[in-house]
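1. next one to model:
(chains A and B)
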Amino acid sequence: MASLEEASKPFAGLSDVSISEDIPVEGDISVPVGPSRRDDEFSTLDEPVKETILRDLRAVGKKFIHVLYPKRSSALLRDWDLWGPLLLCVTLALLLQGGAADSDDQGGPQFAEVFVIVWFGSIIITLNSKLLGGTLSFFQSLCVLGYCILPLTVAMAVCRIVLLSGTGKVSAAIRLVVVTSSFGWSTFASTAFLADSQPSNRKALVVYPVFLFYFVIGWMILTFTP
Amino acid sequence: MASPNDLRFQEFEEAADLLSADPGASTVSMSASAPPTSAAGSAAAGEDVKLDLSDDEQGQEEQSELLGGQKPSGGGFWTFEYYQSFFNVDTVQVLDRLKGSVMPLPGRNFIKHYLRNNPDLYGPFWICVTLVFSVAISGNLSTFFHDMGNPSYRYRPQFHRVTIAAVVIFMYAWLVPVALWGFLTWRQGAERQIGGYSFLETVCVYGYSLFIYIPTSILWIIPYEWLQWTLVLVAMAISGSVLVLTFWPVVRDDTRVMAVATVATIVALHTLLAIGCKLYFFQSAVHTEPPAPTSPPVHTTLVAKPH
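-> Modelled structure (predicted):
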């Protein structure tokens, strides 16, 4: 009780202070500017559309570079996104069109077949690695597998250019070399990202389906005939 | 000399005493609180099941009964952990099982020797997937090499074969074990036998037995007819014997007719798969490619045409 009385002492003199009515009470009750600036950073509603798109494109491009020069960095895993895999899958499926399209049951894979193989295959491999005790999340795995299709997409573009000059034995040999090397690159890049998250006595069990997946995609690219 | 009934009664009494002393104690049916009477010796032998490596089939069947009852671990079938228990294998174990599927030795039951109550779904699933692609790709390559000299031949990827191969192989690898397991369980239920295989073990042994067809399908690219049929026979012999060695001990206690019929059906279905794949995907007769996908019986008539 005594402490309460002491605490009220600084304000004791105010009880008889009165403010005259003709002095307007004014002031600024706003909070200092700091927190609202943080809100502006998170709210991207007001920025121009170009900036939004460029930011995502820059993130995708940065990940492409990580795939092309794979080192054990965790950038690909930390900020995963599925734009890159979607872009690569659509590009690959479009490039695989226009081949032997006249009789569609003897020809190459249709657009939907490529899509299904890539996405369904990635989902099955991700489930497989999670069931075997992996620590990556579902979407991180999908992100890595999708981004590592980049070397194979580049190989597909190169193959189409080579095929413009003819379908003889030389072009077949060139295409074989290109596809084999890009398939090896894809597998190596994805294992560089995925291998650390698996228990050590099951690494081969997780790497083999990835190998099979890129092998099948490489086969689809190699057997493309216009 | 106490009779078994008295001893069992005594065990219950002693366990009840222990419980009344400490009501919060968890009771395990075969725990160390069993009374150290001489009758507990037989129970202790049952407790050591994990180390029992004797060839006594009776003991092994009891072992599989006891451990088999603990199989679905980690919750109901809607949880992730339930499915994780089917992938509880290491690289070394998978390689070991693959080795056992290509080298069947008489007396080595695949399920008892290699699976040891730890059936996995990794092996069957990825072997089936690999087989689908190896059959489709090798078939495509063999058609290509066969018709390479033909100037009017245009290379076609024939991607639809992957779909057909996938449907056939996955149906074989999943429906036939279901049917066989159902049939064996029904027969054993009718005759009160113990020691049947669980559903997963049946699927597992069928999946691993298909492994020999993967290198066989790659070797089928070599265009010599006699070599291809020799490979078919060798692969069927090896993989058929894995299945027969696994299922014979379970079936032989049945009547003679049923036992032989069951084993014959297993071998016949396996043969049908091998020959069907060979004839449909690897055509060796000289004929023009039909525009629509045809069914295997048409191909057999074409192959039977004299060259």
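
2. got the contact list for residue B:242?
-> Residues near residue B:242 by CB atoms under 8 Å, 6 or more residues apart in numbering or on different chains: B:100-101, B:104, B:110, B:205, B:208-209. C-betas here are computed from N, CA, C, even on glycine.

3. any low-confidence regions in chain A?
-> Counting by pLDDT under 70, chain A has low-confidence residues at A:1-16, A:18-21, A:30-42, A:72-73, A:75-76, A:99-108.

4. grab the most central residue of it for me.
-> By CA atoms, centre = their mean, chain A has its centre lying nearest to residue A:81, at 3.0 Å.

5. where does it land in three-state SS?
-> At residue A:81 the chain is in coil, as set by DSSP: H, G, I helix; E, B strand; the rest coil.

6. got the phi and psi for it?
-> The phi/psi pair for residue A:81 (degrees, to the nearest 10) reads phi -150, psi 160.

7. pretty sure it contacts residue A:143?
-> Yes. With contact defined as CB atoms under 8 Å, residue A:81 reaches residue A:143; the gap is 6.5 Å.

8. neighbours around residue 113, how many?
-> By default, I'm working from chain A. Neighbourhood size, residue A:113 [other CB atoms under 10 Å in any protein chain shown]: 17.

9. that was the other one, I meant chain B.
-> The burial count for residue B:113: 15, using other CB under 10 Å.

10. ok, residue B:167 next?
-> For residue B:167, the count of nearby residues is 11 (other CB under 10 Å).

11. quick check: it vs residue B:173, distance?
-> Distance, residue B:167 to residue B:173, using CB to CB, to the nearest Å: 11 Å.

12. quick one: contacts for residue B:216?
-> Counted by CB under 8 Å, 6+ apart, residue B:216 has contacts B:231-232, B:234-235.

13. list the contacts of residue 119.
-> Let's take chain A. Contact analysis of residue A:119 by CB under 8 Å, 6+ apart lists residue A:89.

14. could you do chain B instead?
-> Taking CB under 8 Å, 6+ apart, we find residue B:119 in contact with B:86, B:111, B:198, B:200-201, B:203-204.

15. contacts with chain A among these, please.
-> Residues of the contacts of residue B:119 in contact with chain A (CB under 8 Å from any CB of the partner chain): residue B:86.

16. and the furthest pair within the contacts of residue B:119?
-> Using CB to CB, the pair of the contacts of residue B:119 lying farthest apart is B:86 and B:111, separated by 15.3 Å.

17. how many neighbouring residues does residue A:167 have?
-> If you count neighbours by other CB under 10 Å, residue A:167 ends up with 15.

18. so it sits right up against residue A:225, yeah?
-> Yes. The pair residue A:167 / residue A:225 is scored as a contact, 6.7 Å apart, by CB under 8 Å.

19. report the buried members of the contacts of residue B:119.
-> Neighbour-count burial (16 or more other CB atoms under 10 Å in any protein chain shown) is assigned, among these, to B:86, B:111, B:198, B:200-201, B:203-204.

20. which of those fall in helices?
-> Among the buried ones among the contacts of residue B:119, the members falling in helices (DSSP state H) are B:200-201, B:203-204.

21. between those, which sits nearest chain A?
-> residue B:200 (14.3 Å; CB to the nearest CB).

22. that closest one against residue B:121, yeah?
-> Yes. With contact defined as CB under 8 Å, residue B:200 reaches residue B:121; the gap is 7.3 Å.

23. now the common contact residues for those two.
-> Common contacts of residue B:200 and residue B:121 (CB under 8 Å, 6+ apart): residue B:86.

24. so what's the residue count around residue B:233?
-> Other residues lying near residue B:233 total 11 when counted by other CB under 10 Å.

25. which of the helices or strands spans it?
-> helix B:225-251 (DSSP states H and E).

26. show me where the stretch 101-250 of chain B has strands.
-> Counting by DSSP state E, counting those that start in this stretch, the stretch 101-250 of chain B has no strands to list.

27. surely residue A:128 and residue B:123 touch.
-> No. Look at residue A:128 against residue B:123 with CB under 8 Å: they stay out of range, at 12.0 Å.

28. who has more neighbours, these two?
-> Higher neighbour count among residue A:128 and residue B:123: residue B:123, with 25 against 21, using other CB under 10 Å.

29. does that one touch residue B:99 like I think?
-> No. Applying CB under 8 Å, one finds residue B:123 not in contact with residue B:99, separated by 11.9 Å.

30. check whether stretch A:219-226 comes near chain B.
-> Yes. Shown here: stretch A:219-226 in contact with chain B (CB under 8 Å from any CB) through A:219-220, A:223-225.

31. tell me how far that stretch is from the chain's mean position?
-> Relative to the centre of its chain, stretch A:219-226 is centred 27 Å away, using CA atoms, centre = their mean, to the nearest Å.

32. and the contacts of that stretch?
-> A:96, A:98-100, A:108-109, A:114, A:117, A:152, A:155-156, A:159-160, A:163, A:167, A:175-176, A:179, B:133, B:137, B:140, B:154-157, B:159.

33. can we see that at 7 Å?
-> Here stretch A:219-226 makes contact (CB atoms under 7 Å, 6 or more residues apart in numbering or on different chains) with A:96, A:98-100, A:108-109, A:152, A:155-156, A:159, A:163, A:167, A:175-176, A:179, B:137, B:155, B:157.

34. between the two ends of it, what distance do you get?
-> Its start and end residues considered, stretch A:219-226 measures 15 Å (CA to CA, to the nearest Å).

35. mind listing what's buried along it?
-> So, applying 16+ other CB under 10 Å, buried residues of stretch A:219-226: A:219-224.

36. can I get those residues in CSV with secondary structure?
-> Below are those laid out as CSV (three-state DSSP):
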residue, secondary structure
A:219, helix
A:220, helix
A:221, helix
A:222, helix
A:223, coil
A:224, coil
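
37. can you name the two of those residues that sit furthest apart?
-> A:219 and A:224 (9.9 Å).

38. any part of stretch B:91-100 near chain A?
-> Yes. Stretch B:91-100 reaches chain A (CB under 7 Å from any CB of the partner chain) through B:91, B:94.

39. tell me the mean pLDDT over that stretch?
-> Stretch B:91-100 shows a mean pLDDT of 87.

40. same deal with stretch B:116-125?
-> Stretch B:116-125 comes out at a mean pLDDT of 85.

41. buried ones in it?
-> By neighbour count on 16+ other CB under 10 Å, the buried set for stretch B:116-125 is B:117-125.

42. now do the end-to-end distance for it.
-> End-to-end span of stretch B:116-125 (CA to CA): 19 Å.

43. run a quick neighbour tally on residue A:133.
-> Using other CB under 10 Å, residue A:133 is surrounded by 16 other residues.

44. pull the contacting residues for it.
-> Taking CB under 7 Å, 6+ apart, one finds A:199, A:202 in contact with residue A:133.

45. tell me the SS of it?
-> Residue A:133 - assigned by three-state DSSP - is coil.

46. do residue A:129 as well
-> Following three-state DSSP, residue A:129 is assigned to helix.

47. quick check: closest non-adjacent residue to it.
-> residue A:206 (4.8 Å; CB to CB, 6 or more residues apart in numbering or on different chains).

48. which phi and psi does that neighbour have?
-> Torsion angles at residue A:206 (phi, psi; degrees, to the nearest 10) stand at phi -90, psi -30.

49. looking at the residues of stretch A:219-226 next to chain B, spot the one nearest chain B.
-> Comparing the residues of stretch A:219-226 next to chain B against chain B with CB to the nearest CB picks out residue A:223 as the nearest, at 4.1 Å.

50. need the helices for chain B, in chain order.
-> Counting by DSSP H, the segments of chain B that form helices are B:4-21, B:40-47, B:57-68, B:80-84, B:91-102, B:110, B:122-146, B:160-191, B:199-209, B:213-219, B:225-251, B:256-281, B:296-303.

51. now swap in chain A and tell me
-> With DSSP H, the ranges of helices along chain A come out as A:2-7, A:34-42, A:49-68, A:75-78, A:83-95, A:111-131, A:138-147, A:150-163, A:169-194, A:203-222.

52. close to chain A: what parts of the stretch 1-150 of chain B are there?
-> B:83-84, B:87, B:90-91, B:94, B:122, B:126, B:129-130, B:133, B:137.
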